[in-house]
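>>> Sequence plus the predicted model coming up.
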Amino acid sequence: MIISLISQKGGVGKSALARLLAVEITKAGWSAKIADLDPAQGTSTKWKARRDVAGFQPDVAVEKFRTVERALNEAARYDLMILDGPAHAEQGGRVMAKASDLVILPTGYSLDDMEPQVEAAYELEDTGVDPERLLFVFCRAKGSDAEDRAARSYLRKARMTVLGPILPELASIRQGHAEGRAASEVPFPKVQEKVIDVAQEIVNQLMKRREAA
């Protein structure tokens, strides 16, 4: 199975989601790999290096790829390949999306975050990607319940499917990433519970789409 993380801008939580999914899926006994497709930044690759130095378990497979095609050639070796795409992905994003069982578009609550992601979703649909495979996830989210409701209303009006749980913007998660941890590995049970819900619901959505295919 393949999950793509696609964004038209940086800093919306793609790599945070990739790390969370890879750790939790590996803990569940699946083989998973993050394909870091941003050679300029290499965010996931650098995180993996910090994780290895710290000796955290489980061991998570991460590899930097210069092309989507090379990453896709590796996908059959794993239960799940997580394609962590670069910001402003265009042609590469379309290739990723068409090959994926689930396409995640992370976004914050602001219109500046949501508008380009909705445009990206429409462009993917126009190139033949099944809209049922597109899933918006609120990441690095920080705001009131009213702001959450307004953002969800905007995306519903745009005909987008939105995950219920959110990945919050918290200092503990930022610090965990700096140490080589995933969001689910921070030492605060309430935070762990919240972010594990995100990972579990994404897996549920993945399996649902897989069964419907």
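Looks like it arrived, so ask away. Numbering: from 1, shown residues only.
>>> Who are the packing partners of the top helix by length along the chain?
If you go by DSSP state H, the chain has its longest helix at helix 189-212. With contacts taken as 3 or more C-beta pairs under 8 Å, 6 or more residues apart in numbering; DSSP states H and E, helix 189-212 sits against helix 14-27, strand 102-107, strand 134-141, strand 167-168, helix 171-179. Heads up, the C-betas are built off the backbone N, CA and C, glycines and all.
>>> Recalculate using a threshold of 10 Å.
strand 2-7, helix 14-27, strand 102-107, strand 134-141, strand 167-168, helix 171-179 (3 or more C-beta pairs under 10 Å, 6 or more residues apart in numbering; DSSP states H and E).
>>> can you put those in TSV and add mean neighbour count and distance to residue 156?
Below are those laid out as TSV (neighbours: other C-beta atoms under 10 Å; distance: least, C-beta to C-beta, whole Å):
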stretch	mean neighbour count	distance to residue 156
strand 2-7	27	20
helix 14-27	25	21
strand 102-107	27	13
strand 134-141	24	10
strand 167-168	20	20
helix 171-179	16	27
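>>> Export the ones you listed as CSV, with columns for distance to residue 48 and mean pLDDT.
CSV is the format used below for those (distance: least, C-beta to C-beta, whole Å; pLDDT from 0 to 100):
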stretch, distance to residue 48, mean pLDDT
strand 2-7, 16, 93
helix 14-27, 9, 95
strand 102-107, 20, 95
strand 134-141, 20, 93
strand 167-168, 19, 94
helix 171-179, 11, 95
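>>> Of all the ones you listed, which one comes closest to residue 52?
helix 171-179 (12.0 Å; C-beta to C-beta).
>>> send the alpha carbons of the closest one over as PDB?
Written as PDB, here are the backbone C-alpha positions of helix 171-179 (Å, rounded to 0.1, in the frame of the first residue of the first chain):
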ATOM      1  CA  ALA A 171       6.000  22.600  22.000                       C
ATOM      2  CA  SER A 172       6.400  19.000  23.200                       C
ATOM      3  CA  ILE A 173       5.900  17.700  19.700                       C
ATOM      4  CA  ARG A 174       8.400  20.100  18.200                       C
ATOM      5  CA  GLN A 175      10.900  19.100  20.900                       C
ATOM      6  CA  GLY A 176      10.200  15.400  20.200                       C
ATOM      7  CA  HIS A 177      10.900  15.900  16.500                       C
ATOM      8  CA  ALA A 178      14.200  17.600  17.300                       C
ATOM      9  CA  GLU A 179      15.200  14.600  19.400                       C
END
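>>> Give me the contact list for that helix.
13, 15-16, 19-20, 43, 46-47, 50-51, 53-54, 56, 140, 167, 170, 181-188, 191-192, 194-195 (C-beta atoms under 10 Å, 6 or more residues apart in numbering).
>>> Now a ChimeraX select for only the buried ones of those residues.
Here is the ChimeraX command that selects the buried residues among the contacts of helix 171-179 (16 or more other C-beta atoms under 10 Å):
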select :13,15,16,19,20,43,46,47,51,56,140,167,170,181,182,183,184,185,186,191,192,194,195
